[in-house]
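Trainee: sequence unknown, structure follows:
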């Protein structure tokens, strides 16, 4: 079973808007930033060095109302390009939840997580069993896993490949 | 245990007898799917090609519309692109989408206006569209709107999607709104009270005498903005006014849903509508809300009424009432964009159009207008007062421009004076 991740944590705040804190909307909309460069711009409105500091496999942790505002997905594509393994948040905005699952970015919602994890901690997360092991603090946190059909979409690395598997299996 | 309107709608869509908050459900909604923005890049044909798919889930249910831009203006640009519309439409026709499902400029406008105007967003149903989170606008008529965004391509192939059942918060708005206070002010007032995280993933269910008395236009204007309080959507229980509206526009059967008296809410707020003043949101954040009196005098260079958040009949009539016999300030460019071609026709028949043009307003082709920065975008350091959706840096043009948000009444009054103005002095 996949959907098991181990990585170092970067911590950010609450109410991160997909078009402001998470990504500079106008530069993407105007074509100044090309889709292949989204990773070089994600989070730069909050931390200009983030794309250079983040390593493949790292985990992003945020506060409440993650990905608020419009249903734009540039930041999600940016995180995937950087190789961010997953995002853990205190709570999600609905458009963020949908687009993250659709595009195959693993996410976990856990109110209160920011009190239990610090920047730089190393976490081991299993989306199937619903377990976050904080290797640094030696603490284990249990969460309710997403339903099987959404984990299947994440395993397929996104809704389009998930649908394509069903098409090829003759189910659609 | 009673159920809320959203629980009833999602249970029906999922084919279950009942659903509860927190539950994820699979659904194969049978209503139509509206693909917005055929003029915004031929994304669907490209996406289907890259997946090797050559079949739609149900071509008869797919509707295509050149939307958002309201015109084909730029050659070579990704948006407002005639070629993009043509390529998308040719692809759709080949896959069996019938001619009557393919809309053209002159018969549409902003899709969230059209969904209600054409009677697609039926009370009690799920209304799905492609990209655009403001699909939730239709919550104003008791319909659950959802955009599928990055999941749109797959839905068009499979007809399958999923929903998470949200909790609901009840907002009881008592009293009576004073003259010049609009649905827009009610929403921004609530945002100011509960903040941008006040209803995360929850439904804002609106009840009380102010909502009962509010026009359909006012309800849609509020519902359009629900995301900025973190909400999944807003819901207004459909009343006779809404049912009559849809009966006059469609022969399709529909089953309006309303919340049971003993439905469960995680919270109830009561606000006195009689005390609500005109509200203004201050840039660059979407949630810093002030009474207009605290912002009066801020100089503006642009004004805009339009987008899915305004541009309805009531907004245009209010603007005309304020501008009648007056002129737009010489230093202000005032763009008014009707929500749809039909709305523009009504403006013309009622004399609203003539009043606005005489005052010096620039009337833009029906669509989204200035809201996403497509038409008359803001230049460096300009300041705009608008009743459109949002105000983050770069939303309506240059990243250095500032966007203040207010009701159509506040926008019209401010355009006359060239600075943010309390609209009640012109009523």
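Mentor: Yep, it's here. Small disclaimer: the values here were computed from a predicted structure and weren't measured.

Trainee: next one: phi and psi at residue 9?
Mentor: Since you didn't name a chain, this refers to chain A. Main-chain torsions, residue A:9, degrees, to the nearest 10: phi -100, psi 140.

Trainee: can you check residue A:27 too?
Mentor: Per-residue torsions, residue A:27: phi -70, psi -30 (degrees, to the nearest 10).

Trainee: OK, contacts around it?
Mentor: A:33, A:41, B:394, B:399 (C-beta atoms under 8 Å, 6 or more residues apart in numbering or on different chains). Every residue, glycine included, has its C-beta placed from N, CA and C.

Trainee: how about a cut-off of 10 Å?
Mentor: Residue A:27 is in contact with A:33, A:37, A:41, A:44, A:74, B:394, B:399, counting by C-beta atoms under 10 Å, 6 or more residues apart in numbering or on different chains.

Trainee: got it, and residue B:364?
Mentor: Contacts of residue B:364 (C-beta under 10 Å, 6+ apart): B:70-71, B:304, B:306, B:311, B:335-338, B:370, B:374-376.

Trainee: just the closest of those to chain A, please.
Mentor: Distance to chain A across the contacts of residue B:364 (C-beta to the nearest C-beta) is lowest for residue B:374, with 9.5 Å.

Trainee: identify the residue spatially nearest to that closest one, adjacent ones excluded.
Mentor: residue B:69 (5.1 Å; C-beta to C-beta, 6 or more residues apart in numbering or on different chains).

Trainee: I'd say the one you found and residue B:337 touch.
Mentor: No - contact criterion C-beta atoms under 10 Å: residue B:69 and residue B:337 do not qualify, at 11.1 Å.

Trainee: and for the two, which residues touch both?
Mentor: If you check residue B:69 and residue B:337 against C-beta under 10 Å, 6+ apart, the residues they both contact are B:365, B:367, B:368, B:369, B:375.

Trainee: give the helix, strand or coil label for the closest residue in space to the third one that isn't next to it in sequence.
Mentor: The one in question is residue B:368. Closest residue to residue B:368 apart from its sequence neighbours, by C-beta to C-beta, 6+ apart: residue B:68 at 4.8 Å. Three-state call for residue B:68 (DSSP: H, G, I helix; E, B strand; the rest coil): coil.

Trainee: surely residue B:235 meets residue B:137?
Mentor: No - in this structure residue B:235 lies outside contact range of residue B:137 using C-beta under 10 Å: 11.8 Å.

Trainee: where do the contact lists of those two overlap?
Mentor: By C-beta under 10 Å, 6+ apart, residue B:235 and residue B:137 have these common neighbours: B:143, B:219, B:223, B:226.

Trainee: how close does the second one sit to chain A?
Mentor: Think residue B:219. Relative to chain A, residue B:219 is positioned 20 Å away (C-beta to the nearest C-beta, to the nearest Å).

Trainee: buried residues in the strand or helix carrying residue A:123?
Mentor: Assigned by DSSP states H and E, residue A:123 belongs to strand A:122-126. By neighbour count on 16 or more other C-beta atoms under 10 Å in any protein chain shown, the buried set for strand A:122-126 is A:122, A:123, A:125, A:126.

Trainee: contacts for it next, please.
Mentor: Strand A:122-126 has contacts (C-beta under 10 Å, 6+ apart) with A:1-9, A:58-59, A:61, A:85-86, A:88, A:106, A:108, A:113, A:117, A:131-137, A:139-141, A:143, A:145.

Trainee: now do it: distance to the chain's middle.
Mentor: 14 Å (C-alpha atoms, centre = their mean, to the nearest Å).

Trainee: thinking again about what came up before, which of the shared contacts of residue B:235 and residue B:137 are buried?
Mentor: If we count by 16+ other C-beta under 10 Å, these have these buried: B:143, B:219, B:223, B:226.

Trainee: you'd agree the third one is up against residue B:235?
Mentor: Spelled out, that is residue B:223. Yes - the criterion here is C-beta under 10 Å, and residue B:223 meets it with residue B:235 at 7.7 Å.

Trainee: low pLDDT regions in the chain?
Mentor: Just going to use chain A. Scanning chain A with the threshold set as pLDDT under 70 gives A:1.

Trainee: chain B is the one I meant
Mentor: Along chain B, segments meeting pLDDT under 70 span B:73-80.

Trainee: where do the helices of it begin and end?
Mentor: Assigned by DSSP state H, chain B shows helices spanning B:5-14, B:43-51, B:82-94, B:111-117, B:152-158, B:183-194, B:209-213, B:216-223, B:240-247, B:313-323, B:341-349, B:352-359, B:408-417.

Trainee: tell me what the third one is packed against?
Mentor: It refers to helix B:82-94. Applying 3 or more C-beta pairs under 10 Å, 6 or more residues apart in numbering or on different chains; DSSP states H and E, we find helix B:82-94 packed against helix B:43-51, strand B:62-64.

Trainee: show me where chain A has helices.
Mentor: For chain A, the helices defined by DSSP H cover A:25-29, A:50-53, A:74-82, A:94-103, A:148-155, A:159-168.

Trainee: out of the ones you listed, deepest packed?
Mentor: Among the helices of chain A, helix A:94-103 has the highest mean neighbour count (mean count of other C-beta atoms under 10 Å in any protein chain shown), at a mean of 25.

Trainee: show me the contacts for the residue of chain A found nearest chain B.
Mentor: At 2.6 Å from chain B, residue A:26 is the closest residue in chain A, using C-beta to the nearest C-beta. Going by C-beta under 10 Å, 6+ apart, residue A:26 touches A:19, A:32-33, B:372-373, B:377, B:392-399, B:401.

Trainee: for chain A, what's its nearest residue on chain B.
Mentor: Nearest to chain A, among the residues of chain B, is residue B:394, at 2.6 Å (C-beta to the nearest C-beta).

Trainee: that residue: neighbour count?
Mentor: When neighbours are defined as other C-beta atoms under 10 Å in any protein chain shown, residue B:394 has 23 of them.

Trainee: looking at the shared contacts of residue B:69 and residue B:337, which two lie furthest apart in space?
Mentor: Maximum pairwise distance among the shared contacts of residue B:69 and residue B:337 (C-beta to C-beta): 10.1 Å, between B:365 and B:368.

Trainee: shouldn't residue B:162 be in contact with residue A:98?
Mentor: Yes - contact criterion C-beta under 10 Å: residue B:162 and residue A:98 qualify, at 8.8 Å.

Trainee: for those two, list the residues in contact with both.
Mentor: When C-beta under 10 Å, 6+ apart defines a contact, the residues bordering residue B:162 and residue A:98 alike are A:159, B:151.

Trainee: who's in contact with the nearest residue to residue B:399 once chain neighbours are set aside?
Mentor: Leaving out its chain neighbours, the residue that sits closest to residue B:399 by C-beta to C-beta, 6+ apart is residue B:393, at 4.6 Å. Contact analysis of residue B:393 by C-beta under 10 Å, 6+ apart lists A:19-20, A:24-26, A:45, B:283-284, B:399-403.

Trainee: and the residues you listed, which are buried?
Mentor: A:19, A:20, A:24, A:25, A:26, A:45, B:283, B:399, B:401, B:402, B:403.
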